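Need the 3D shape of this:
(2 chains)
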Amino acid sequence: METNEVFDKVKGLFVEDLGIDESKVTMEAKLEEDLEIDSLGIVEVVMAFEDEFDIEIDDEELADVSTVGEAVKLLHSKI
Amino acid sequence: MSKRRVVITGLGTINPLGNNVSDSWEKLVNGISGIDSITSFDTGDLPVTFAGEVKNFDANEYMGKQHARKLDRSGHLSIYAAEQALLDAGFNPEERMGSNCGIVFGTGIGGIGATEDAVRVYDERGASRINPLAITQLMPNSSTGQVAIKFGIEGPSLTITTACAASANAVGEAKNMIENGIVDIVVAGGTESGTTPMTIGAFAQIRALSTKNDTPAKACSPFDKNRDGFVMAEGSTVLILESEESAKSRDAKIYGYVVGYGSTTDAHHITAPAEGGEGAVRAMDKALKDASLSVDDVNYINAHGTSTPANDKNETSAIKTLFGTKAYEVDISSTKSMTGHLLGGAGAFESMVCILSLQNGVIPPTINLNNKDEECDLNYTPNNAVNKEMNIAMSNSFGFGGHNGVLVFSKT
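Residues are numbered from 1 along each chain as shown, chains lettered A, B, ... in the order given. Next up is the predicted model:
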């Protein structure tokens, strides 16, 4: 799967499942500051990713993820 | 030192009758039921298929999906009612209420819908798929915390879970906070959304619910000989309580006064009322003494009147014990006949009813009261509202656990 396809799927999850405004979801957007995903929300995001891409994400792997782009990169490496 | 007087400056509600105060009041005075067949889920093999559901309310539309997802439905209803009440009291909901404002909220079973959903997911998909928001949705203080966050309420907060007396106790404890000078303003209310499959099933198992599935709007018939149980309902009602001084200093509209509060416990049985409503007698007596009033002063009693055989009989006995011959003169009604039982949200809703009754000089009826029960022989305002100038109203709330909360309101 190409990076842009992963991004499209991630964007779809954020917009459809989490109710985030579509225009806010860019590769540069910060999860916490720009998308208002707090510490509880990030657990939901991970669950949504795991379901969508049929993968498992460890807490440690999340440590370096603070933007949508970094999330896409992590997911791309695991698919 | 004399106690500070406590006024009500704002009202907000969302319930089976309507999604604001005026629509709800119009239904109440016209004797229109808000109870109907359940539409929010498939009732499957449940022995009860009707309830008082809130209608025409989309939480995603109201607060945005990203925010709505974080709350159980009981929380959505709480924020909706609280915003109305704050606006009605003349506050700007966009501004923080600050540390001179407290919050006391009552609920019987908190985010029970979120609990049911989370258990279902755990059973079907395992621990790793449990909603990480489940705890913050289901904890009974969820609404208290979420309303406080939304409106910046930084003073003391309490969540009261005395079952069906919860929000009567909430209004009473809020009154105490203001009387004692702890804060000038308290957001007091109650919420419940237990119109969910397991909850209705469980209440049905203890034979607490009416099973008149074919005639939902006629099922709740407090004090009627053929009453067969209460009707589950959902909703939230919020009152803004304020010191009279604070309200006058900002030229706020004053609906009326909270003048008396009595709280007692049966210490008898977890569901059945004490014989003769002994705990209820003491609560009503305490509330009147707190208000420095006597039974002769009471114009209207908004009864607990659940439509269960045991409650209505014992509440009637309790009123007779305390009021003596005056029991046959005082106007009584059960508005649960129209709303169903809002459980932890009932006391706040019925406080609102008392205040509006005094303001408008109208007693809403007990609908569906057609068959005389010799054990329930008081004046319950059957089927039609009555116009009457009044000054003092009493609201009774009794809960599983043996909790009794009684409030007294005054127009002047």
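
Who are the contact partners of the closest residue to residue B:21 other than its chain neighbours?
Spatial nearest neighbour of residue B:21, excluding adjacent residues (CB to CB, 6 or more residues apart in numbering or on different chains): residue B:11 at 5.0 Å. All C-beta spots, glycine's among them, are computed from the backbone N, C-alpha and C. Residues near residue B:11 by CB atoms under 8 Å, 6 or more residues apart in numbering or on different chains: B:21, B:84-85, B:88, B:237-240, B:255, B:352, B:355-356.

Could you find the closest non-adjacent residue to whichever residue of chain B sits closest to chain A?
Evaluated by CB to the nearest CB, chain B has residue B:65 as its residue closest to chain A, separated by 2.5 Å. Nearest non-adjacent residue to residue B:65, counting by CB to CB, 6+ apart: residue A:19, 2.5 Å away.

Assign a three-state SS to the one you found, would you?
Using DSSP: H, G, I helix; E, B strand; the rest coil, the structure places residue A:19 in coil.

can you pull the pLDDT of it?
Looking at residue A:19, its pLDDT reads 90.

which residues sit in contact with it?
Residue A:19 touches B:60, B:64-69, counting by CB under 8 Å, 6+ apart.

hang on, the earlier thing: of the contacts of residue B:11, which belong to strands?
Judged by DSSP state E, strands contain the following of the contacts of residue B:11: B:237-240.

what's the closest of the contacts of residue B:11 to residue B:183?
For these, the residue nearest residue B:183 by CB to CB is residue B:240; the value is 12.0 Å.

and the helix or strand containing residue B:61, what does it pack onto?
Using DSSP states H and E, residue B:61 sits within helix B:59-63. Secondary-structure packing of helix B:59-63 (3 or more CB pairs under 8 Å, 6 or more residues apart in numbering or on different chains; DSSP states H and E): helix B:65-68, helix B:73-88.

Tell me the helices and strands packed up against the longest one.
Helices and strands touching helix B:73-88, by 3+ CB pairs under 8 Å, 6+ apart, are strand B:6-14, helix B:59-63, helix B:112-125, helix B:142-151, strand B:185-192, strand B:235-243.

Mind listing what's buried along the shortest one?
Just to be clear, that refers to helix B:59-63. B:59, B:63 (16 or more other CB atoms under 10 Å in any protein chain shown).

and it, what's its mean pLDDT?
Averaging pLDDT along helix B:59-63 yields 97.

low pLDDT regions in the chain?
Reading this off chain A. In the prediction, chain A carries no residues with pLDDT under 70.

hmm, I had chain B in mind actually
Applying pLDDT under 70 to chain B flags residues B:1.

What parts of it come near chain A?
B:60, B:64-70, B:128-129, B:131-133, B:136 (CB under 8 Å from any CB of the partner chain).

make it 10 Å
Counting by CB under 10 Å from any CB of the partner chain, the residues of chain B lying close to chain A are B:60, B:63-70, B:125, B:128-133, B:135-136.

Buried members of those residues into ChimeraX, please.
To isolate the buried members of the residues of chain B next to chain A in ChimeraX, using 16+ other CB under 10 Å:
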select /B:63,65,66,67,68,69,70,130,131,133,136
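
So which residues on chain A come close to chain B?
Contact residues, chain A versus chain B (CB under 10 Å from any CB): A:14-21, A:35-47, A:50-51, A:56.

nearest to residue B:46, of the contacts of residue B:11?
Proximity of those to residue B:46 (CB to CB) peaks at residue B:237, which lies at 26.6 Å.

is it true that the closest one touches residue B:16?
No. Counting by CB atoms under 10 Å, residue B:237 stays clear of residue B:16, with 11.8 Å between them.

Next, show the common contact partners of those two.
B:24, B:339, B:342 (CB atoms under 10 Å, 6 or more residues apart in numbering or on different chains).

Return the set of residues that bridge with residue B:387.
Beta-bridge partners recorded for residue B:387 (DSSP bridges): residue B:362.

Just give the number of residues close to residue 34.
I'll assume chain A. Per other CB atoms under 10 Å in any protein chain shown, the neighbour tally for residue A:34 reads 15.

Can you look at chain B instead?
For residue B:34, the neighbour count with other CB under 10 Å is 25.

Quick check: it vs residue B:317, distance?
Applying CB to CB, to the nearest Å, the value for residue B:34 to residue B:317 is 29 Å.

Phi first, then psi, for the residue of chain A found nearest chain B.
In chain A, the residue that lies nearest chain B is residue A:19 (2.5 Å; CB to the nearest CB). In terms of degrees, to the nearest 10, the main-chain angles of residue A:19 are phi 80, psi 20.

what about the strands in chain B?
Using DSSP E, strands in chain B cover B:6-14, B:36-37, B:50-51, B:101-106, B:157-160, B:185-192, B:235-243, B:256-265, B:300-302, B:331-333, B:362-363, B:386-387, B:392-399, B:403-410.

Quick one: list the elements packing against the longest one.
Counting by 3 or more CB pairs under 10 Å, 6 or more residues apart in numbering or on different chains; DSSP states H and E, the packing neighbours recorded for strand B:256-265 are strand B:6-14, helix B:166-179, strand B:235-243, helix B:278-290, helix B:346-360, strand B:392-399, strand B:403-410.

Quick check: the residue of chain B closest to chain A touching residue A:18?
Yes. Counting by CB under 10 Å, residue B:65 does reach residue A:18; the two are 7.5 Å apart.

residues touching the most centrally placed residue in chain B, list them.
Centroid check for chain B by CA atoms, centre = their mean gives residue B:346 as the closest residue, at 1.7 Å. By CB under 10 Å, 6+ apart, the residues touching residue B:346 are B:15, B:106, B:108, B:163-168, B:190, B:192, B:230, B:233, B:235, B:237, B:302, B:304, B:306, B:335-336, B:339-340, B:395, B:397-399.

repeat that for 6 Å
residue B:164 (CB atoms under 6 Å, 6 or more residues apart in numbering or on different chains).

With residue B:239 instead?
Residues counted as contacts of residue B:239 (CB under 6 Å, 6+ apart) are B:8, B:11, B:188.

Repeat the analysis, applying 10 Å as the threshold.
Counting by CB under 10 Å, 6+ apart, residue B:239 touches B:8-13, B:81-82, B:85, B:88-89, B:167, B:170-171, B:174, B:186-190, B:255, B:258, B:348-349, B:351-352, B:355.

hang on, the earlier thing: which of the helices and strands packed on helix B:73-88 has the highest mean neighbour count?
The highest average neighbour count among the helices and strands packed on helix B:73-88, using mean count of other CB atoms under 10 Å in any protein chain shown, belongs to strand B:185-192 at a mean of 34.
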